[in-house]
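Q: what follows is a predicted protein model with its sequence.
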Amino acid sequence: MTVNTLEKPGRRHGGWVIEDAQNEENPFAAMTARLDRAAAALDLDPGVLRMLRQPEKQVTVSIPVQIDNGEIEVFTGHRVLHNTARGPGKGGIRYDTDVTLDEVSALAAWMTWKCAVVDVPFGGAKGGVRCDPFKLSAGELERLTRRYTSAIIELLGPDSDVPAPDVNTNERTMAWIMDTYSMHVGHTVPAVVTGKPLALGGSLGRREATGRGCMVVTRQALEHLNLSVQGARVAVQGFGKVGSVAAQQLARAGCRIVAIGDRTGAIHNDRGIDVDAAAAWVRLNGTLEGFNKGDRISNEELLTLAVDVLVPAALENVITAKNAAHVRAKVICEGANGPTTAAADSILEERGIFVIPDIVANAGGVTVSYFEWVQNRSGYAWTERMVNDRLDEIMVRSFHDVLALSRGHQVSLRTAAYMLAVRRVAAVHELRGVYA
Ligand code: NAD
């Protein structure tokens, strides 16, 4: 199966090529554009670059599921291993109507770079099933998850490929995957997934890890820019596992959350939003709809509010060549994977907006997934304090590693993060050589 890459010519903007709108939003093209940029800055061996531009393995499966009325529906699922040179594939599984092989491949590659930036011994993987999970009952979701797991079972294992939750999947999904895998191999294998319920070997602090990591790097960025954390005005797009916790953690750090939004729209309140109340509302009602503690605005308006910090924490391609010139935040903390297109990068850069790239900003999740895997394999559970202290240390260190590289090479934080990651992955390839 082939993967689309940036091939079409585009018009130039500030030394960077803006691809046509359709290509701009191809996430794999966005990933490859950043990889190529970092490879050029590193003077990377062209053979190694060729290897890194392609996923190692892409599997597409059809998933027949008996739905509640007795009929059989067939869904399409993917699992992609982008690179496993540094360790087992690691990456979430998402259920969404827009899942494509290109998207899953890009997300798998981002996991390779993310694990390398924070220096955890995993490679990059991702999975997705094209479905509308909001239209499926709990029983249908369970059957879909178990059949998908059994269809990709040869890939999975604590030493080969370890899934986690992503968009529209959660601890319960991980419990079904862990059980299905364990039934296949004949014994219980907690380390085959992370983001599990605590009772099945999940880690304390995992649920909050990605949002907490966003808070830690945002604080570092504000301090670096001599901006006050206390009272910093923050807008958060996406109020799920990442966005809601990022908002709560930033509020606890002293920031004022002035806007939040989810797939039903957004709320703006300059006096500040009680995000704990919003999270309680979502736990009860499923979405922010009806949480009328401010003015209703659109998600597009949320992105262009005059705030200190913008946290896009929903889906890809929300900051594009079309709206990047209107973004007024001083700092963007990319809670989501790929929220900014490659064409928007240079516009934000020219405007002096400090972008903490996704592969750094949201790496808290995979870092604590690594801690969960280590705990499962050693059979010893850490305290929440241990988890959080070690997470904070890794996030702070990674942020400053990337910042130092960006200043040393006079490149954006994103290019610096890719340079750091690509250098680490390439070094392993060079030592291992090519098996013939
Ligand atoms: P989630 O399913 O828990 O939440 C997604 C949120 O985005 C929901 O509030 C949903 O309503 C909202 N949303 C969906 N479509 C939207 C739209 N068009 N406009 C505005 N909001 C919309 O998912 P999540 O786990 O929080 O993941 C969010 C992002 O963070 C994804 O890009 C994911 O890959 C990334 N990420 C997640 C983790 C993790 O640990 N869960 C780790 C790293 C990165």
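A: Happy to help now that I have it.
Q: show me what from the protein comes close to the ligand.
A: Within the chain, the positions lying close to the ligand (CB under 6 Å from any ligand atom) are 165-168, 210, 237-243, 261-263, 299, 313-315, 335-337, 362, 365. Using the backbone N, CA and C atoms, a C-beta is placed for each residue, glycine as well.
Q: how about a cut-off of 5 Å?
A: 166-168, 210, 238-242, 262-263, 299, 314, 336-337, 362, 365 (CB under 5 Å from any ligand atom).
Q: buried sites along stretch 196-212?
A: 196, 200-212 (16 or more other CB atoms under 10 Å).
Q: list phi and psi for the residue in the stretch 201-350 of the chain that the ligand sits nearest to.
A: Residue nearest to the ligand within the stretch 201-350 of the chain: Gly240 (1.8 Å; CB to the nearest ligand atom). With angles defined as degrees, to the nearest 10, Gly240 sits at phi -100, psi -140.
Q: that one is in contact with Ala336, isn't it?
A: No: assessed by CB atoms under 8 Å, Gly240 is found out of contact with Ala336, at 9.8 Å.
Q: give the intersection of the neighbour lists for those two.
A: Ala313, Ala314 (CB atoms under 8 Å, 6 or more residues apart in numbering).
Q: so for those two, which sits in the more crowded spot?
A: Each of Gly240 and Ala336 has its neighbours counted (other CB atoms under 10 Å); Ala336 has more, 24 against 21.
Q: which SS class is that one?
A: The local conformation at Ala336, judged by DSSP: H, G, I helix; E, B strand; the rest coil, is coil.
Q: OK, contacts around it?
A: Gln237, Gly238, Val242, Pro312, Ala313, Ala314, Leu315, Glu316, Val318, Asp358, Asn362.
Q: kindly recompute the last result at 6 Å.
A: With contact set as CB atoms under 6 Å, 6 or more residues apart in numbering, Ala336 has these partners: Pro312, Ala313, Ala314.
Q: can I get the residues you listed in a markdown table with pLDDT?
A: Below are the contacts of Ala336 laid out as a markdown table (pLDDT from 0 to 100):
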| residue | pLDDT |
| --- | --- |
| Pro312 | 98 |
| Ala313 | 98 |
| Ala314 | 97 |
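Q: now restrict the residues you listed to buried residues only.
A: Buried among these (16+ other CB under 10 Å): Pro312, Ala313, Ala314.
Q: any idea what sits nearest the last one, other than its immediate chain neighbours?
A: Going back to what we said before, that points to Ala314. Nearest non-adjacent residue to Ala314, counting by CB to CB, 6 or more residues apart in numbering: Gly238, 3.1 Å away.
Q: same check, this time on the first one
A: Closest residue to Pro312 in three dimensions, ignoring its sequence neighbours and counting by CB to CB, 6+ apart: Pro339, at 3.7 Å.
Q: what is the neighbour count of that neighbour?
A: Quick note: Pro339 (other CB under 10 Å) scores 29 neighbours.
Q: Val374 - how many residues pack around it?
A: 15.
Q: let's verify it: helix, strand, or coil?
A: With three-state DSSP as the basis, Val374 sits in helix.
Q: any idea how far it is from the ligand?
A: The spacing between Val374 and the ligand, counted by CB to the nearest ligand atom, to the nearest Å, is 17 Å.
Q: on that earlier part again, am I right that the residue nearest to Pro312 is in contact with Ala314?
A: No: the pair Pro339 / Ala314 is not scored as a contact, 7.5 Å apart, by CB atoms under 6 Å.
Q: thinking again about what came up before, could I get the buried ones among the contacts of Ala336 as TSV with secondary structure?
A: Formatted as TSV, those follow (three-state DSSP):
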residue	secondary structure
Pro312	strand
Ala313	coil
Ala314	coil
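Q: where does this protein dip in pLDDT?
A: Scanning the chain for pLDDT under 70 picks out 1-22.
Q: which strand in it has the most residues?
A: strand 72-83 (DSSP state E).
Q: point me to the residue of the stretch 51-200 of the chain nearest the ligand.
A: Closest point on the stretch 51-200 of the chain to the ligand, by CB to the nearest ligand atom, is Val167, at 4.2 Å.
Q: go ahead and confirm Thr218 touches Cys333.
A: Yes: assessed by CB under 6 Å, Thr218 is found in contact with Cys333 at 4.7 Å.
Q: of the two, who's got more company?
A: Between Thr218 and Cys333, Cys333 has the larger neighbour count (other CB under 10 Å), namely 31 against 28.
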